[in-house]
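Q: based on what follows, work out the 3D shape:
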Amino acid sequence: MNNLKQPLMENNIKLLGDLLGKTIEEAKGKEMVDFIETIRRLSKASHTGDKNAHQSLVETLQNLKDEEFLPVARSFNQFLNLTNTAEQYNSVSPHAQGTDNPVDFKVVYNKLKSANLSDEAIISAIENISMDLVLTAHPTEINRRSLINNLNQVDHCLAMLDHDDLAGYQKVQILKRLKQLIAQYWYTDEIRQKRPTPNEEAKWGYEVVENSLWYAVPAYLRELDEQIKNILPYRFPIDARPIHFSSWMGGDRDGNPNVTAKVTQAVLLDSRKRAAKMFLGDIEILVKELSMATCTSEFRDYIQDYEVQEPYRELMKRLRSKLKETIIYLDEKIEGRNPEFSENLLIHNNQLWEPLYECYKSLVECKMQIIADDKLLDTMRRIKCFGLTLTQLDIRQESTVHTEALSEVTRYLGLGDYETWSEEDKQAFLLRELNSKRPLIPHHWEPSAQTQEVLDTCKVIASTPKGVLPTYVISMTRTPSDVLAVYLLLKEADCPYILPVTPLFETLNDLNNANDIMQQLFNISWYRGVIENKQMIMIGYSDSAKDAGSLAAGWAQYRAQEALIKTCQDAEIALTLFHGRGGTVGRGGGPAKVALFSQPPGSLKDGLRVTEQGEMIRFKLGLPDLAIKTLSLYTDAILEANLLPPPAPKQEWRDLMDDLAEISRDSYQGLVHKNPDFIPYFYQATPEAELARLPLGSRPAKRRPNGGVESLRAIPWIFGWTQNRLMLPAWLGAGEALQHAIDKGKISILKDMHMRWPFFGTRISMLEMVFAKADSRMSEYYDERLVDESLKPIGQKLRKQLEEDIKTILSISEDKYLMEGLPEIAENIAMRNIYTNPLNLLQVELLHRTRKEEEHPSELELALMITISGIAAGMRNTG
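A: Residues are numbered from 1 along each chain as shown. Model (predicted):
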């Protein structure tokens, strides 16, 4: 372990804890601070195995008066969030990391060279880097924006303190500012009063771009370019676009009736206005800086002004006027007025790119490359990365919504009921209509509200310039007709360009059928003509894991990707796999680099597209230094995965994985889907029902309002089990299957797979991490206080299984104890648990009191919400 890392973090955590303690003392008195300190000490002793301390802790929290819950819950919640901030700063601190540069191309270059790769091969891989990070508003970001901004300011203070050359008075001022920030935090409500609207979610996403990514991307590319240039005869071309961002906020209407065509239209206008303002800021700087007089004759011809003394500045002033005019125009559009269109409005990226490129060429030719490669190049990189909309916007909807819309059309026209037709008949009808010159849908027809909404969304797409919306994602894709249906609906809206449609395969069955569905589509000549040999396919991680358990789902995802890669290679179609991962293991999460390596060879050949969800956006991209580190990790991972792909698994490994997947699926489904007592147990043993009241995101917790676990979204499903510390979805079925293989004498094969196959090795190390966060004793306490006697055997059986599974995993990884190979992470989990455990005990007591009485004080409800928030912070990933 790097010895520098921990002391800095420990010192910062102690500093923040002391300041929080002083704030609480000023607000609530010394008695409250002493009481909280007693709870902390008991928790620490309990954590090291002191049974008496544990009993005292439980009794202390059971005996709290109603009005005492809130300050205690808030104290531990805030401490955990401050701890996360200290840890976050530690990950980018030059002192803690032993380097002042998070970008180190030399390391990956040396690794590639040691594998005998030529410089040409490495350059070719760099040229092909394409990274599209998709920001999604999944409701797992518990913290309010005000508090996130506050914690960002705390991070900034920690960075300022991390200097050896501070004068005494400067240090005093920074510490005073920190104390002010912590006081602001204490006196601000942690929990939103109402759910954010989709427009507010989009705003939050755009703020991450404006406050962090806008600065991080050009800074990262400049540094990477510099390092590559020092080693290889290569520079990123001026128009390179290795990184860009997309968003689902305001475009994802799957199961979210709040995202309407009007909302999408409003979000698109807002994104254009925000981009215009950001570029206006850039151009203002260039107006100040580009005061040079010398330019080429071609540049004079371009600006058509042969007299002006400062030609570059002149051009920047013209762009400034156009941007100002664009902002006024967009303001009027947003207010619902109908402003006049003018030639000066900036709509296409090229209108901004071309004049800046002309400047760049002239400066370079006039020996001013050093000036061209500074602020001007940064702005040009931003045009390529963010464009005039800040991010591109995906549209997503569930397949059945399109089917129901087309059924309504065919019934109205007297053609029968589309929904009841065979797949063959559906395809024949769709292809006939796609090839027809006449419209299918009559102009003055008044359909149902849901169908009207589908048609309105297609009209919004048709009125949006090409390139702003990269794709239309269809969730729950089951058949080729699901894909063709969207193309027909877009044709009916007179969309002037072909918008690519991305099928999303997310349940176990859909993953197993994905390759067959795509082969059928590729055999349709109309379809092959439309896609121009490019295809994006989205792999869903969370729903398949909820459906069949994480081990069976992981193997189905791997096999589906492998088959799709081969099918597309054979058909000479460039395939982009789009990974819909969550932040947690149960939803496909885990460290980015490790996750990319555990995919089949060839999966990143045509670029990486991956969702960054909810609170993980903040942890990975929320501040410029964090974003640079994340982009650097992704770049290294893409280069390594493409040039040193992981091995394809041996046949004996595959056969064993098939067996493991089947046994783990049967075990998982036997309990989750087939035991009638399981769902009642889930609702009693976790705060799932209370979670629904927490105003997290704009999306309802269920796809269909009445249904069992299959209709429950993957996020509340995992959230609930994370809260009661059983972490069930991430491990159920896996250990049982692995033990079965060990009993059959397969331990040496499993060890071989663990050592030599990244896909399998990743599964085992992720299970170790989940087990390190799980806590049987805590889960038992939830059952003891909250679960009916008749349902308690389920919990007892699960905890026994958990204990056995830990032994099974350790026998494969050959670790003496959990996370032996990652002591730093293990230490962080243990340190957090001291503060998370009291929140769990508080939560049980609060659930016990609030469930018993219909009417209860609002402070109890609020304290309950805060325990949910705090445990989420302690577990470091919520959904």
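
Q: chain center to stretch 747-756, what's the gap?
A: Its chain's C-alpha centre lies 31 Å from the corresponding centre of stretch 747-756 when counted by CA atoms, centre = their mean, to the nearest Å.

Q: buried set for it?
A: Residues of stretch 747-756 classed as buried by neighbour count (16 or more other CB atoms under 10 Å): I749, L750, M753, H754. Heads up, the C-betas are built off the backbone N, CA and C, glycines and all.

Q: likewise stretch 394-404?
A: The neighbour-count check on stretch 394-404 (16+ other CB under 10 Å) flags D394, I395, R396, Q397, E398, S399, V401, H402, T403, E404 as buried.

Q: in strands only, show me these.
A: I395, R396, Q397, E398 (DSSP state E).

Q: next structured bit after the worst-scoring helix or strand of the chain on mean pLDDT?
A: None of the helices or strands of the chain scores lower by mean pLDDT, DSSP states H and E than helix 592-597, at a mean of 77. Note on helix 592-597: by DSSP states H and E, the next helix or strand toward the C-terminus is strand 608-613.

Q: which other helices and strands does that following strand contact?
A: Using 3 or more CB pairs under 8 Å, 6 or more residues apart in numbering; DSSP states H and E, the elements in contact with strand 608-613 are strand 131-136, strand 574-580.

Q: who does the following helix or strand past it touch, helix- and strand-wise?
A: As assigned by DSSP H and E, the chain's next helix or strand after strand 608-613 is helix 614-621. If contacts are counted by 3+ CB pairs under 8 Å, 6+ apart, helix 614-621 sits against strand 131-136, helix 198-208, helix 624-643.

Q: I'd like those as TSV, with mean pLDDT and mean neighbour count appended.
A: Formatted as TSV, those follow (pLDDT from 0 to 100; neighbours: other CB atoms under 10 Å):
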stretch	mean pLDDT	mean neighbour count
strand 131-136	94	23
helix 198-208	89	22
helix 624-643	92	21
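
Q: can you tell me what sits against the least confident helix or strand of the chain?
A: Contacts with helix 592-597, where a contact means CB atoms under 8 Å, 6 or more residues apart in numbering, come from 579, 581, 588-589, 604, 608, 610, 620, 630, 633-634, 636-638, 640-641, 646, 758, 762, 765.

Q: hey, where'd the helices end up in the stretch 151-300 of the chain?
A: 168-186, 198-208, 214-231, 261-289, 297-303 (DSSP state H, counting those that start in this stretch).

Q: I'd like those helices as TSV, with distance to E340 appended.
A: Shown next, in TSV, are the helices of the stretch 151-300 of the chain (distance: least, CB to CB, whole Å):
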stretch	distance to E340
helix 168-186	45
helix 198-208	26
helix 214-231	31
helix 261-289	16
helix 297-303	26
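
Q: tell me the confidence at the closest residue to E298 other than its chain neighbours?
A: Among residues not flanking E298 along the chain, S362 sits closest, at 7.1 Å (CB to CB, 6 or more residues apart in numbering). Per-residue pLDDT puts S362 at 98.

Q: next, the buried residues of whichever strand or helix holds S362.
A: Using DSSP H and E, S362 falls within helix 349-365. By neighbour count on 16+ other CB under 10 Å, the buried set for helix 349-365 is 349, 351-353, 355-364.

Q: would you turn these into CSV with distance to R799?
A: As requested, the buried residues of helix 349-365 are exported to CSV (distance: CB to CB, whole Å):
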residue, distance to R799
N349, 56
Q351, 63
L352, 60
W353, 60
P355, 66
L356, 62
Y357, 64
E358, 69
C359, 67
Y360, 64
K361, 69
S362, 72
L363, 68
V364, 68
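
Q: list the buried residues of the very next helix or strand once past the helix holding S362.
A: The helix or strand immediately downstream of helix 349-365 is helix 369-371, counting by DSSP H and E. Going by neighbour count (16+ other CB under 10 Å), the buried part of helix 369-371 is I371.

Q: give me the mean pLDDT for helix 369-371.
A: pLDDT averaged over helix 369-371 gives 97.

Q: quick one: name whatever helix or strand follows it.
A: Sequence-wise, the next helix or strand downstream of helix 369-371 (DSSP H and E) is helix 377-385.

Q: and that next one, C-alpha only, in CSV?
A: The C-alpha trace of helix 377-385 is given here as CSV (Å, rounded to 0.1, in the frame of the first residue of the first chain):
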residue,chain,number,x,y,z
LEU,A,377,-7.5,24.5,-29.9
ASP,A,378,-9.3,23.9,-26.6
THR,A,379,-12.4,25.5,-28.1
MET,A,380,-12.1,23.4,-31.2
ARG,A,381,-11.8,20.3,-29.2
ARG,A,382,-15.0,21.3,-27.3
ILE,A,383,-16.9,21.8,-30.6
LYS,A,384,-16.0,18.2,-31.6
CYS,A,385,-16.8,16.8,-28.1
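
Q: which strands and helices sit next to that helix?
A: helix 214-231, strand 243-247, helix 261-289, helix 349-365.

Q: returning to what we had before: how distant is the least confident helix or strand of the chain from the center of its chain?
A: The chain centre lies 14 Å from the centre of helix 592-597; the measure is CA atoms, centre = their mean.

Q: for V787, grab the count of nearby residues.
A: 17 (other CB atoms under 10 Å).

Q: please read the previous query as pertaining to E572.
A: Using other CB under 10 Å, E572 has 7 neighbouring residues.

Q: does it touch K534 like I think?
A: No. Taking contacts as CB atoms under 8 Å, E572 lies outside contact range of K534: 10.8 Å.

Q: dump stretch 111-129 to CSV, restricted to CA.
A: The C-alpha trace of stretch 111-129 is given here as CSV (Å, rounded to 0.1, in the frame of the first residue of the first chain):
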residue,chain,number,x,y,z
LYS,A,111,3.0,-2.6,-21.5
LEU,A,112,2.0,-2.7,-25.1
LYS,A,113,5.7,-2.7,-26.3
SER,A,114,6.6,-5.5,-23.9
ALA,A,115,4.0,-7.6,-25.8
ASN,A,116,6.0,-6.9,-29.0
LEU,A,117,3.4,-4.6,-30.6
SER,A,118,4.7,-2.2,-33.3
ASP,A,119,4.5,1.6,-33.0
GLU,A,120,2.3,1.5,-36.1
ALA,A,121,-0.2,-0.9,-34.4
ILE,A,122,-0.3,1.4,-31.3
ILE,A,123,-0.8,4.5,-33.5
SER,A,124,-3.6,2.8,-35.4
ALA,A,125,-5.4,1.9,-32.1
ILE,A,126,-5.0,5.5,-30.8
GLU,A,127,-6.6,6.8,-34.1
ASN,A,128,-9.6,4.5,-33.5
ILE,A,129,-10.3,5.5,-29.9
